[in-house]
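In: Have a look at this fold, sequence not included:
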Ligand SMILES: *Cc1c(COP(=O)(O)O)cnc(C)c1O
């Protein structure tokens, strides 16, 4: 059966079948089953049961001792609740990159704050502290926090952001939504997504990692009606906790992670190797070599994203502009303040997400790279 399916997939991949931009794989029913059995045995279904507690402990174990992990229904909520728990002056500016997924800006607005869209570094695609320190004094005076975003899972210069926080006293919250693999330090509070499309998925979910125990406690409280052990609400809050079921999937995902990570690396290396000698296709620094993520975002020459996407589409190969034309171009954020966004606008026209998945076949890799080379030669 397994063999037939593999053959079928290979046949489909070489035929006119579409190559999807992503093909998420979460743990199989078989892998989750023992954990579901533990839920049955315990009869404990939500409210910080044994599986969620174990899941959080295993996540925390990926960070230096003293790191707290708080799971939340998704990363967007985790960002919102963390901003709320930081007790920032209402209506203040949160500087964030325009080059990010819309969730970052939604979280800022939901927390009663205002996004201030800044430009990113053209090479790393990420915000640098200079984007904040270089702001005009009247704007800087209104900045209450900064959210650097880890671009498609890249690590980002967290040391520079720590120095910025220590020197300026401005709180920094890292949107590390796609950075499950690279995030290994939570001296700056950081939020990771566990969405199905991310590299370690549980369906919907996310977590805050932080060394600030008081912050972790306040975020926890915000996920559970403002409770603090008893049945009294201490702060206006919501219900954003995870039940035992996603924790079961999470534990199975963590069991599979070392092997999955290797498979992601291998798939990425295949893509990189087949595009050797094509310097106009720029992979993110270290992608597929030092770190993995669930997407393959590449930089092309200026303005080439749309024509290349069209050419690939005609060959049945899906691409995605994961961050559209930048967060600032969404109608929801049209009124938000912003600086000069020339690098972001350039990235919007030159970065595309190629198909990528843990089980990307050699045939699919071949089709993607052939079509890409053809498109680049013809344009
Ligand atoms: C995926 C993503 C989010 C949102 O994560 P959810 O868990 O889906 O809410 C936020 N920011 C960035 C940069 C992302 O890539």
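Out: All right, it came through fine. Treat the numbers as computed from the prediction; the structure is a model and nothing was measured. Numbering: from 1, shown residues only.
In: switch to C-alpha atoms for all contacts and neighbour counts from now on
Out: Will do.
In: Endpoint to endpoint, stretch 69-79 covers what distance?
Out: Its start and end residues considered, stretch 69-79 measures 13 Å (Cα to Cα, to the nearest Å).
In: Up against the ligand, what does the stretch 51-200 of the chain have?
Out: The stretch 51-200 of the chain comes close to the ligand at residues 74-76, 100-101, 103-104, 149, 175, 177-178, 193-195, as judged by Cα under 6 Å from any ligand atom.
In: Could you single out the nearest of the residues you listed to residue 37?
Out: Nearest to residue 37 among those: residue 194, at 22.5 Å, using Cα to Cα.
In: Isn't the closest one up against residue 208?
Out: No: the criterion here is Cα atoms under 8 Å, and residue 194 misses it with residue 208 at 11.1 Å.
In: which one of these two has more residues nearby?
Out: residue 208 (31 against 26; other Cα atoms under 10 Å).
In: ok, back up a step: can you flag which of the residues of the stretch 51-200 of the chain next to the ligand belong to strands?
Out: Of those, the ones assigned to strands by DSSP state E are 175, 193.
In: Looking at the residues of the stretch 51-200 of the chain next to the ligand, which one is closest to residue 185?
Out: Out of these, the member with the shortest distance to residue 185 (by Cα to Cα) is residue 175, at 13.1 Å.
In: ok, for that closest one, nearest residue in space, not its chain neighbours?
Out: Nearest residue to residue 175, sequence neighbours excluded (Cα to Cα, 6 or more residues apart in numbering): residue 149, at 4.6 Å.
In: I'd say that neighbour and residue 174 touch.
Out: Yes: contact status for residue 149 versus residue 174: in contact at 6.0 Å, counting by Cα under 8 Å.
In: neighbour-wise, which of those two wins?
Out: Under the criterion of other Cα under 10 Å, the comparison of residue 149 against residue 174 puts residue 149 first, with 30 against 24.
In: hey, where'd the helices end up in the stretch 251-379 of the chain?
Out: Counting by DSSP state H, counting those that start in this stretch, the stretch 251-379 of the chain has these helices, from start to end: 305-314, 342-350, 362-378.
In: what's the angle from the shortest one to helix 305-314?
Out: The one in question is helix 342-350. 20 degrees (axes from the mean of the first three to the mean of the last three Cα atoms, to 10 degrees).
In: Excluding its own residues, what touches helix 342-350? List them.
Out: Helix 342-350 has contacts (Cα atoms under 8 Å, 6 or more residues apart in numbering) with 98-99, 119-122, 125, 299-306, 321, 323-326.
In: Equivalent analysis for the longest one, please.
Out: For helix 362-378, contacts defined as Cα under 8 Å, 6+ apart pick out 10, 13-14, 19, 270-271, 274-275, 308, 311-312, 315, 317, 354-355.
In: ok, back up a step: out of the helices of the stretch 251-379 of the chain, which gets nearest to residue 155?
Out: So among the helices of the stretch 251-379 of the chain, helix 342-350 is nearest, using Cα to Cα, at 18.5 Å.
In: Please identify the buried residues of the closest one?
Out: Buried positions in helix 342-350, judged by neighbour count with 16 or more other Cα atoms under 10 Å: 343, 344, 345, 347, 348, 349, 350.
In: Show the average pLDDT along that helix.
Out: In this model, helix 342-350 has an average pLDDT of 98.
In: Quick one, grab the pLDDT at the residue nearest to residue 175.
Out: The model's pLDDT for residue 149 equals 98.
In: Residue 379 too?
Out: Taking residue 379 on its own, its pLDDT is 71.
In: what's near enough to touch residue 328?
Out: Residue 328 neighbours (Cα under 8 Å, 6+ apart): 98, 117, 334, 336.
In: what's the most distant pair in those residues?
Out: 98 and 334 (11.6 Å).
In: neighbour count winner among the two?
Out: Set side by side, residue 98 and residue 334 show more neighbours around residue 98, with 30 against 11, by other Cα under 10 Å.
In: Surely that one is in contact with residue 121?
Out: No: under the criterion of Cα under 8 Å, residue 98 makes no contact with residue 121, lying 11.3 Å away.
In: returning to that earlier point: for the ligand, tell me which of the contacts of helix 362-378 show up nearby.
Out: Okay, of the contacts of helix 362-378, nothing touches the ligand (Cα under 6 Å from any ligand atom).
In: so what's residue 334 up against?
Out: Here residue 334 is in contact with residue 328 (criterion: Cα under 8 Å, 6+ apart).
In: Am I right that residue 109 is in contact with residue 116?
Out: No: at 10.8 Å, residue 109 does not count as touching residue 116 under the criterion of Cα under 8 Å.
In: out of these two, which sits in the busier spot?
Out: Neighbour comparison, residue 109 and residue 116: the larger count goes to residue 116, with 23 against 16 (by other Cα under 10 Å).
In: I'd like the distance from the more buried one to the ligand, if you could.
Out: According to Cα to the nearest ligand atom, to the nearest Å, residue 116 and the ligand sit 16 Å apart.
In: Can you give me the pLDDT of the nearest residue to that residue once chain neighbours are set aside?
Out: In space, and not counting its chain neighbours, residue 116 is closest to residue 95: 4.6 Å by Cα to Cα, 6+ apart. Among the per-residue scores, residue 95 shows a pLDDT of 98.
In: Residue 275 too?
Out: pLDDT, residue 275: 94.
In: tally of neighbours for it?
Out: For residue 275, using other Cα under 10 Å, the count is 21.
In: distance of it from the ligand?
Out: 25 Å.
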